[in-house]
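Asker: just need the structure, nothing else, for what follows:
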Amino acid sequence: MTADTTYVDRNRRETERLRALVEGVSDEALRRLVHGTWTVAAVLGHMAFWDARALWLAGKIERGEPFTAADVEPEDVTWINDAAATLIDAIAPREAAKLALRLAQAIDARIAALPPTRLWPNDPHSLLNAFRAEHRAEHLDEIETALSGDGPGQA
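Answerer: Numbering: from 1, shown residues only. Predicted coordinates for the structure are as follows:
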């Protein structure tokens with residue numbers, strides 16, 4: 001049975017979608033609320049944070065290091081997101097947008113280079129989900145809704 005590598009194209013498509021957003025969004029729009037207190041820039045920073053975690057996991061795979069219990073993401077990541085929000089908000093909105101794109105490109109390249117058999121879902125024990133596109137798409141959908149005028153409004 002051949003390992004699923006459809007994630008490469010899906011990740012690339014969502015990263016291109018992210019690129020179009022980052023290159024086309026105004027500084028004012030980056031401060032628009034998406035939900036709660038999360039602005040467009042904060043959501044992009046959140047995406048960058050989780051892509052940075054994925055890069056760390058990719059490094060473990062590349063070095064041949066086994067995942068440990070301490071590496072497992074908790075079922076409820078609310079506390080992580082809430083704690084990171086303070087740091088994310090300290091990043092200038094345009095820099096958060098650039099960082100999101102840079103880290104998305106970096107993790108896409110690393111995932112594409114890793115053996116598919118070492119990534120979830122091909123390896124059900126892997127902590128690295130090859131489909132970064134899923135998380136990216138979820139938040140890009142939220143951002144696009146907010147920017148279309150159907151979101152909460154200005155920050």
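Asker: quick check: which element contains the residue at minimal distance from the centre of the chain?
Answerer: The geometric centre of the chain, computed from its C-alpha atoms, lies nearest to residue 47 (CA atoms, centre = their mean), at 3.3 Å. In this assignment (DSSP states H and E), residue 47 forms part of helix 40-63.
Asker: kindly export that helix (C-alpha atoms) in PDB.
Answerer: Coordinates of each C-alpha in helix 40-63 appear next as PDB, following Å, rounded to 0.1, in the frame of the first residue of the first chain:
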ATOM      1  CA  VAL A  40      -6.400  39.000  12.000                       C
ATOM      2  CA  ALA A  41      -2.700  39.500  13.000                       C
ATOM      3  CA  ALA A  42      -3.200  37.500  16.300                       C
ATOM      4  CA  VAL A  43      -4.800  34.600  14.400                       C
ATOM      5  CA  LEU A  44      -1.900  34.700  11.900                       C
ATOM      6  CA  GLY A  45       0.500  34.700  14.900                       C
ATOM      7  CA  HIS A  46      -1.400  31.700  16.400                       C
ATOM      8  CA  MET A  47      -1.000  29.900  13.100                       C
ATOM      9  CA  ALA A  48       2.700  30.700  13.200                       C
ATOM     10  CA  PHE A  49       3.000  29.400  16.800                       C
ATOM     11  CA  TRP A  50       1.500  26.000  15.900                       C
ATOM     12  CA  ASP A  51       3.600  25.800  12.700                       C
ATOM     13  CA  ALA A  52       6.700  26.400  14.900                       C
ATOM     14  CA  ARG A  53       5.600  23.500  17.100                       C
ATOM     15  CA  ALA A  54       5.300  21.400  13.900                       C
ATOM     16  CA  LEU A  55       8.800  22.400  12.900                       C
ATOM     17  CA  TRP A  56      10.100  21.300  16.300                       C
ATOM     18  CA  LEU A  57       8.300  17.900  15.900                       C
ATOM     19  CA  ALA A  58       9.800  17.600  12.300                       C
ATOM     20  CA  GLY A  59      13.200  18.100  13.800                       C
ATOM     21  CA  LYS A  60      12.700  15.200  16.200                       C
ATOM     22  CA  ILE A  61      11.800  13.000  13.300                       C
ATOM     23  CA  GLU A  62      14.800  14.200  11.200                       C
ATOM     24  CA  ARG A  63      17.200  13.400  14.100                       C
END
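Asker: give the buried residues for that helix.
Answerer: For helix 40-63, the neighbour count (16 or more other CB atoms under 10 Å) marks 40-51, 53-55, 57-58, 60-61 as buried. For the C-beta atoms, the positions are set from N, CA and C on the backbone; glycine is no exception.
Asker: thanks a lot, see you next time.
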